[in-house]
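Q: here is the input, now give the coordinates:
(2 chains)
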Amino acid sequence: GESVGLHLPTLSVQEGDNSIINCAYSNSASDYFIWYKQESGKGPQFIIDIRSNMDKRQGQRVTVLLNKTVKHLSLQIAATQPGDSAVYFCAENSGTYKYIFGTGTRLKVLA
Amino acid sequence: EADIYQTPRYLVIGTGKKITLECSQTMGHDKMYWYQQDPGMELHLIHYSYGVNSTEKGDLSSESTVSRIRTEHFPLTLESARPSHTSQYLCASSGGQSSNQPQHFGDGTRLSIL
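A: Here you go, the predicted structure:
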C-alpha cells in the first residue's frame, strides 16, 4: 500500500551544523510533498513544499530535495539552532484529499 | 501565520460523557480535516470536509462524528467517550482550487478518557 516513511527516528546534531532529514515514499503518483515541523504541545507547522516538476526548492535556512527516481525526499537545515529541535514529518499528496504522513523524525540539537 | 484554533487544548473526562472538540479557522478555507495522533506517531485522517454540508470519513475508523454547517467551523463529537478515545486530535484546513496546497494545523486537543 501507499506509505511514507522516515529512515531515522532520531537525529542528533551539533548546534551550528547542517541537518539532513530523509523520507522515502512509495506512491509514484504523488506529485506534491510537504515538510512539517511539530514542537511539543503544538500542531504541525508548515516549513516548505515542493511539487514533482521540481527537484530542489530553497527557503530560509531550509532546502528540500526531491529524487523521483528513487522516491526520496530530504530536508536540509543549515546552521541548525536549538529552536530547530522538534519532530519533522514529511507528507505526500497525489492530487486527492488524502495527505499521507510518515511517523516523523525527532531532531535534537546539541549545545 | 495560520489562523486555526482548537478548544479545549486539554480535556480529562470520564467514560460515557459526550464530548465536542471545537475547530475554527478564519482563512475562508473550503477544506477541513480531523486527524488523530498518538505521541510520536504519524497522523491518521478520521474525517474531512470539502465545504459546507460536506463531510466524509477518513482512513482511520472512528466513532466520532463531524458537522460542517459554516465554512469556518468543523466540530468533532464523541457521543459516549471511552478510554480507547484517549489521544491527540488535530484539526487542519487548506484552501485553493488545487489539492496541492499545504494544510494549516491547529495546536490540537489532548483528550484523556478515564
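Q: for A:Pro82, grab phi and psi.
A: phi -50, psi -30 (degrees, to the nearest 10).
Q: tally of neighbours for it?
A: By other C-beta atoms under 10 Å in any protein chain shown, the residues close to A:Pro82 number 10. All C-beta atoms are positioned from the backbone trio N, CA, C, and that covers glycine.
Q: my guess is it meets A:Lys108, correct?
A: No - in this structure A:Pro82 lies outside contact range of A:Lys108 using C-beta atoms under 8 Å: 9.8 Å.
Q: which residue ranges of chain B form strands?
A: B:4-7, B:10-13, B:19-25, B:31-37, B:44-51, B:54-57, B:65-66, B:76-78, B:87-94, B:104-105, B:109-113 (DSSP state E).
Q: go on, chain A?
A: In chain A, the segments counted as strands under DSSP E are A:4-5, A:10-14, A:19-25, A:32-38, A:45-51, A:56-58, A:62-67, A:72-77, A:86-93, A:99-101, A:105-110.
Q: which of those comes out lowest on mean pLDDT?
A: Note on the strands of chain A: lowest mean pLDDT is at strand A:4-5, with a mean of 51.
Q: interface residues of chain B facing chain A?
A: B:2, B:6, B:31, B:33, B:40-43, B:45, B:48, B:50, B:56, B:59, B:90, B:92, B:99-100, B:102-108 (C-beta under 8 Å from any C-beta of the partner chain).
Q: any idea how far the residue of chain A at minimum distance from chain B lies from B:His29?
A: Residue nearest to chain B within chain A: A:Gly43 (3.4 Å; C-beta to the nearest C-beta). Distance, A:Gly43 to B:His29, by C-beta to C-beta, to the nearest Å: 15 Å.
Q: returning to what we had before: okay if I get the strands of chain A as a markdown table plus mean neighbour count and distance to B:Ser80?
A: Below are these laid out as a markdown table (neighbours: other C-beta atoms under 10 Å in any protein chain shown; distance: least, C-beta to C-beta, whole Å):
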| stretch | mean neighbour count | distance to B:Ser80 |
| --- | --- | --- |
| strand A:4-5 | 18 | 34 |
| strand A:10-14 | 14 | 38 |
| strand A:19-25 | 20 | 38 |
| strand A:32-38 | 23 | 30 |
| strand A:45-51 | 17 | 33 |
| strand A:56-58 | 13 | 46 |
| strand A:62-67 | 18 | 43 |
| strand A:72-77 | 20 | 41 |
| strand A:86-93 | 24 | 32 |
| strand A:99-101 | 23 | 28 |
| strand A:105-110 | 18 | 35 |
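Q: save these as TSV, and put in distance to chain B too.
A: Shown next, in TSV, are the strands of chain A (distance: least, C-beta to the nearest C-beta, whole Å):
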stretch	distance to chain B
strand A:4-5	8
strand A:10-14	10
strand A:19-25	12
strand A:32-38	4
strand A:45-51	5
strand A:56-58	13
strand A:62-67	12
strand A:72-77	14
strand A:86-93	6
strand A:99-101	4
strand A:105-110	8
